[in-house]
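Trainee: got a sequence here, can you model it:
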Amino acid sequence: MVLSACGSSSGSSSSSSSTTAEESEAGGESTPAAETETEAEGEEAGGEEAGGGEDYSALLKEATEVTPSKYEGPTEPAPAKPGTKIAAISCAQTLQGCKEIAEGIEEAGEAAGVTVKVFDGQGETTTQNKQILNAISWGAEAIILEAIDPTTVQTGLAAAQKAGIVVGGAVNGTNSPNKTRKPPAGDVWTSFDVGVDYKLAGEYEASWIIADSEGKANTVVYGTKEFPALPPQTEGVMETLEACEGCTTDGPIYFLSSSLATNFGEEVVGYLRTHPEVEYIFCPYDPAAPAMVTAIETAGLGEKVKLVSLLGNEQNLEFIRNEEVQAADGSYDELYVGWAVVDQALRVLDGQKPFEPQGENIPFQLVDKNNLPPEGQAYKAPFEFRPEFEKLWK
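Mentor: Numbers count the residues shown, from 1 in each chain. Predicted coordinates for the structure are as follows:
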């Protein structure tokens, strides 16, 4: 996928992290999307492309288109057996993304005629392991890990395997359209994982920054290693920004989610004050953005920087609408994720192989002020997908 209108890297990529997270490995490959190469003819000595404004306009247009624009999920039947029990282990119900995926699983379960129960992992691996054991005691036939790294809940997964329970994942980035992540030797693993192409998402987000700045972005990239899907996104952002000749990039600076309610916002402001040349901030996921936005506005720096993030949560889209620091968001429908997870679980329970790509072609779109969805809602797929799934489960 070539989205960048810039040339090879000349930007910096120093790291200045004050907090770190445990390292997790993941990768990324492209989902089906139109590939566009922007060719520069008659480049000037400074590396600026002839007709650059037109190139950046085209880049911005491509980066903000929805992919795919219509339903491209499974079409083969996956009959639902009445009474089937599916347990969703939410990473933390206090996080909108995890909560919305759980709601999508519940909604899909009702449509399919199966029983769904959500277990709150509360953002702690000890609790998440206990909730897997609780789901087993409840009689679950399938267990879904929502944004929970399988390597951190091996106690629960070993018990699930012993009980013959199907285990799947949501937004962990361990399977297609992402690079397949091999489990550590001896670990119990998920049968499937539903998510977007995270590295490609990062490329789109960075391309928006490049286009918006007309190839002159000075960006600081923040990242996290707590959620296994997000390192590939950071990789996509960094590679794309560093390929921009006129751009300057710092990071990634890693943080822990535990700092969001304490000193994270202050640390971001401190960085901006010592780096007044920075104009763009990349935030790896939407729930981390409010701490940034609040601190930046309180410090009187809201007019100096633009923030880009990932998920499409309602609060973040309102930040964009109200021009409160955040200017763009890599968005996908988390309810669609929930429906796709149920579909994959039903397929495996029926003895089928998971649909490929395992993400079931979740619609993704880079949203900015020019293509915001209606006020008062998180990002939703621009097409109706529910009837497409329902007819497969009869």
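Trainee: ok, and the helix or strand in the chain with the lowest average confidence?
Mentor: Using mean pLDDT, DSSP states H and E, the weakest-scoring helix or strand in the chain turns out to be helix 52-63, at a mean of 78.
Trainee: name the helices or strands packed onto that one?
Mentor: The elements that helix 52-63 packs onto, with contact taken as 3 or more Cβ pairs under 8 Å, 6 or more residues apart in numbering; DSSP states H and E, are helix 198-212. Using the backbone N, CA and C atoms, a C-beta is placed for each residue, glycine as well.
Trainee: tell me the gap between the helix it packs on and the middle of its chain.
Mentor: Distance of helix 198-212 from its chain centroid, counting by Cα atoms, centre = their mean, to the nearest Å, is 13 Å.
Trainee: what helices and strands are in contact with the helix or strand just after the least confident helix or strand of the chain?
Mentor: Note on helix 52-63: by DSSP states H and E, the next helix or strand toward the C-terminus is strand 85-90. Counting by 3+ Cβ pairs under 8 Å, 6+ apart, the packing neighbours recorded for strand 85-90 are helix 96-112, strand 115-120, helix 125-138, strand 142-146, helix 334-349.
Trainee: run the last query once more with 6 Å
Mentor: For strand 85-90, the helices and strands in contact under the criterion 3 or more Cβ pairs under 6 Å, 6 or more residues apart in numbering; DSSP states H and E are helix 96-112, strand 115-120, helix 125-138, strand 142-146.
Trainee: what mean pLDDT does the host helix or strand of residue 158 get?
Mentor: Assessed by DSSP H and E, residue 158 sits inside helix 154-162. Confidence over helix 154-162 (mean pLDDT, whole number) is 98.
Trainee: relative to helix 96-112, how tilted is whichever helix or strand comes after it?
Mentor: Using DSSP H and E, the helix or strand that directly follows helix 154-162 along the chain is strand 166-170. Angle, strand 166-170 to helix 96-112, by axes from the mean of the first three to the mean of the last three Cα atoms, to 10 degrees: 130 degrees.
Trainee: from the contact counts, what lies against the helix or strand just after strand 166-170?
Mentor: Reading on from strand 166-170 to the C-terminus, the next helix or strand found by DSSP H and E is strand 193-194. In terms of contacts (3+ Cβ pairs under 6 Å, 6+ apart), strand 193-194 is packed against helix 334-349.
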